[in-house]
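# Provided below are the primary sequence and the corresponding predicted coordinates.
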Amino acid sequence: MVNSIPKAGTFLVIELLKAFGFQGEFGREMPEDSDELEPGRYYNLQHMTREHLARPSHRIGRFVNEFCRNPVVFMVRDPRDVAASLAHYLSVQTDYHLLQSYFSRLSPERRLLAVIEGDYPVPVYINRHMRFSGTIRDLFLAYADWIRHPLPNTVVLRFEELVGPRGGGGERVQQQAVWEAQLALHVPGSPAQFADNVFSTASYTFHKGQIGSYRNDFGAAHWKAFESLPADFLELFGYGSADPARGRDRLWRGFQGEIEVHSVREHPQLVEQDYRNFNLIAYDGKVWGAAMAAGPIDFWDTEACGRMLADGRLLQAATVEGVRAAVDRLCDREATAAELAVLRSQLESLASRVDELSLGIEQLRETVTSDPPPDKGGQADEPENRGRRNTAEPKRSHARQETGAPDRAEGSRPVPTRPETCACSDARGEPPARESAPLFRRLFFRMRRLCGFAWRSMGLKAAPRHSPNRNGGR
C-alpha cells in the first residue's frame, strides 16, 4: 500500500512499485471495506490519515485486516517544497478541486502565500473522507502519527532520497532507499536496476520534481510567513536542525512487516436496531439483516440460516450500506406484492359485478325483442274509432260552410288535422306503458357506477361524462 503527505512524491513511489512488478491504478480511490484486495497489486491510500482507522470494526474490519497484513510505504518531503508544489497544483487541477478557479486568478506569489498561511475560501479536498483547511504546518501535523508513532508495517521514504540525480539527489542515496523498499516488500534484484525507472514526468500532477525548488519561489513575504509558524513540524519530519538520517534509522529499526492486530468478530454485534423491521448485525466478516419477526437467530446453525436466507428473513452483505439496500429492496417488493393482492381482489369483485350486469343485459334484451301481448280492448275499439274519424270530418267541413269560412284554395297546402287516436296510443290517447324502461334505467346507472369503480381501483382519473361537440354544446 502507498501513502504520502499531499504533494510529497506519491508518483515516485508508484513508479518504483511498477518497476518491482506490481500492478495498479494511480488515480484509483482508496480501498473500502467491501473491496477485495488482490495480491501482486498496489493500492493508493490517497493521503490517508491514521484517524481513518479509528472507525467501528463492522465498517472497516476487512480493510483493517488487509492493512495489517501488508506493508505500507509512506512518503514525506520538505514542507517548503510541498507548499510550492501545492500552490501550483491547486491553480491547474480542474478534476475535483473547486479552488482551481480561485487560485488561477491569483498571482504565483499570492498563491504560495495563501498555502503557507492557510488562506482558503473553502477546504481543500484530500480524499472522500478528509477535507483540509489550515496552514502548511497544520497539513503536516495531520500526518504526524505516521512519524511520531510509526506502525510496524510502515516503511518511511523521503522524496530527497528517492528522486535520484535527475531530481537533484544522489545516486548512492537513491539506491539505498530503493534497497530498503525491496527488503520491506521482499523484491529481489539490483537496486540500480530499479532506480533508473523511478523518476518520471508523465504524471498529470508533476510540477518540477526537484529538491529545494522552493528557493526559486520563496520571497521575503513567504519567508516571513513560514518562519512565523512554530518549527516543531520541521523537527518532527526531519527537516529542522537535527540530522535526518538519525530519524530515518529509528523508523527503519521499528519496521516488522505486519501488525499483530486483526479485526476478529467472534460474537455477533448489533449495529443498528429496527431498520424497517430488521436488525443489522455484524458477524463473521459480514453484515446481516435479521427480520425482527423471526426471533433469536443462532448463527452457528448453518442449516437454519440457509433456510432464513432463502425465504428472506435473513439478508447479508459486505457493508452496512449494502445490507440496508437489500432490506429496502425486500420491503419494496413486499409492499408491491400487497398492493397487487388488493388490486387483484378488487378486480375479482368487479368481474363478478360485471357478470351480474351481463346477465341483466341479456334479460333486458330478451324483454325488448319479445313480441308484446295482444291488446283485445284496443282491437275491439278500433272499428269504432275508425267510424268516429270518418263521421267527424264531414261535420267539420259542413261547419265551415255554415259560418261562411272560405274553402281551401286549389293547390294550397292542406291543413293537418289531429286524429283523436293513433296507432301508438290507446283509447284514451295516452302512450302504452313500457315495463322495460325502469329496468333498463337501473341497469344503465349501475353500469356507470361499476365503470367508475373500475377506474378508481386502477388509480386512474375518471373520464368526463359528456364530451363537448364542435360548437361547444353538449
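Thanks, I have it. Numbering: from 1, shown residues only.

# show me the helices in the stretch 151-300 of the chain, by range?
Secondary structure of the stretch 151-300 of the chain (DSSP state H, counting those that start in this stretch): helices located at 159-162, 171-185, 191-195, 220-227, 232-236, 244-253.

# packing partners of the shortest one?
Right, the one you point to is helix 159-162. Identification of packing neighbours for helix 159-162 by 3 or more C-beta pairs under 8 Å, 6 or more residues apart in numbering; DSSP states H and E yields helix 10-20, strand 72-76, helix 171-185. To be clear about C-beta, it is placed using only N, CA and C from the backbone, and glycine gets the same treatment.

# a markdown table for these, including mean neighbour count and mean pLDDT?
Converted to a markdown table, the helices and strands packed on helix 159-162 look like this (neighbours: other C-beta atoms under 10 Å; pLDDT from 0 to 100):
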| stretch | mean neighbour count | mean pLDDT |
| --- | --- | --- |
| helix 10-20 | 21 | 87 |
| strand 72-76 | 23 | 90 |
| helix 171-185 | 18 | 89 |
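
# next, format those as a markdown table and append distance to residue 277.
Below are the helices and strands packed on helix 159-162 laid out as a markdown table (distance: least, C-beta to C-beta, whole Å):
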| stretch | distance to residue 277 |
| --- | --- |
| helix 10-20 | 46 |
| strand 72-76 | 42 |
| helix 171-185 | 49 |
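
# quick check: which of the ones you listed is nearest to residue 302?
Among those, the nearest to residue 302 by C-beta to C-beta is strand 72-76 (36.4 Å).

# extract the CA atoms of the closest one and return them as CSV.
Extracted in CSV, the C-alpha atoms of strand 72-76 (Å, rounded to 0.1, in the frame of the first residue of the first chain):
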residue,chain,number,x,y,z
VAL,A,72,2.8,0.4,3.7
VAL,A,73,5.2,2.7,2.0
PHE,A,74,4.8,6.3,3.4
MET,A,75,6.4,9.2,1.6
VAL,A,76,7.5,12.5,3.1
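
# buried ones in the helix or strand just after it?
For strand 72-76, the following helix or strand on the C-terminal side (DSSP states H and E) is helix 79-92. For helix 79-92, a neighbour-count test (16 or more other C-beta atoms under 10 Å) marks 79-91 as buried.

# what packs against helix 79-92?
Counting by 3+ C-beta pairs under 8 Å, 6+ apart, the packing neighbours recorded for helix 79-92 are helix 100-104, helix 108-117, helix 136-141.

# now tabulate those in TSV and tack on mean pLDDT.
Shown next, in TSV, are the helices and strands packed on helix 79-92 (pLDDT from 0 to 100):
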stretch	mean pLDDT
helix 100-104	84
helix 108-117	93
helix 136-141	93
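
# what packs against the helix ranked longest in the chain?
What stands out as the longest helix in the chain, according to DSSP state H, is helix 320-369. Contact here means 3+ C-beta pairs under 8 Å, 6+ apart; on that basis helix 320-369 packs against strand 278-283, strand 286-291, strand 314-317, helix 436-457.

# strands paired with the shortest one, and their directions?
To tie it back to what came earlier, the one meant is strand 314-317. Using DSSP bridges, strand 314-317 pairs in its sheet with strand 286-291 (antiparallel).

# between the buried residues of helix 79-92, which is closest to residue 124?
Set against residue 124, the nearest of the buried residues of helix 79-92 by C-beta to C-beta is residue 90 (7.2 Å).

# how about the contacts made by the closest one?
Counting by C-beta atoms under 8 Å, 6 or more residues apart in numbering, residue 90 makes contact with 97, 99, 100, 103, 111, 115, 124.

# repeat for residue 310
Counted by C-beta under 8 Å, 6+ apart, residue 310 has zero contacts.

# I'd like the average pLDDT over the one helix or strand it maps to.
Assigned by DSSP H and E, residue 310 belongs to helix 302-311. Helix 302-311 shows an average pLDDT of 87 in the prediction.

# could you chop this protein up by domain?
Domain assignment for the chain, taken from automatic domain parsing, gives 2-253, 269-330.

# would JSON lines of those domains with distance to residue 445 be doable?
Formatted as JSON lines, the domains of the chain follow (distance: least, C-beta to C-beta, whole Å):
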{"stretch": "domain 2-253", "distance to residue 445": "62"}
{"stretch": "domain 269-330", "distance to residue 445": "45"}
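
# so for residue 362, which of those sits nearest?
The closest of these to residue 362 is domain 269-330. By C-beta to C-beta, the value is 47.8 Å.

# if we can go back for a sec, between the helix holding residue 310 and strand 286-291, how many degrees?
Interaxial angle, helix 302-311 versus strand 286-291 (axes from the mean of the first three to the mean of the last three C-alpha atoms, to 10 degrees): 70 degrees.

# buried ones in helix 302-311?
Neighbour counts using 16+ other C-beta under 10 Å place 305, 308 of helix 302-311 among the buried residues.

# tell me what angle the longest helix of the chain forms with strand 286-291.
Here the directions of helix 320-369 and strand 286-291 differ by 40 degrees (the same axes, to 10 degrees).

# quick check: residue 278 touching residue 325?
No - with contact defined as C-beta atoms under 8 Å, residue 278 and residue 325 do not form a contacting pair (11.9 Å).

# who has more neighbours out of these two?
Neighbour count, other C-beta atoms under 10 Å: between residue 278 and residue 325, residue 278 has more, with 26 against 14.

# and the more buried one, what pLDDT?
92.
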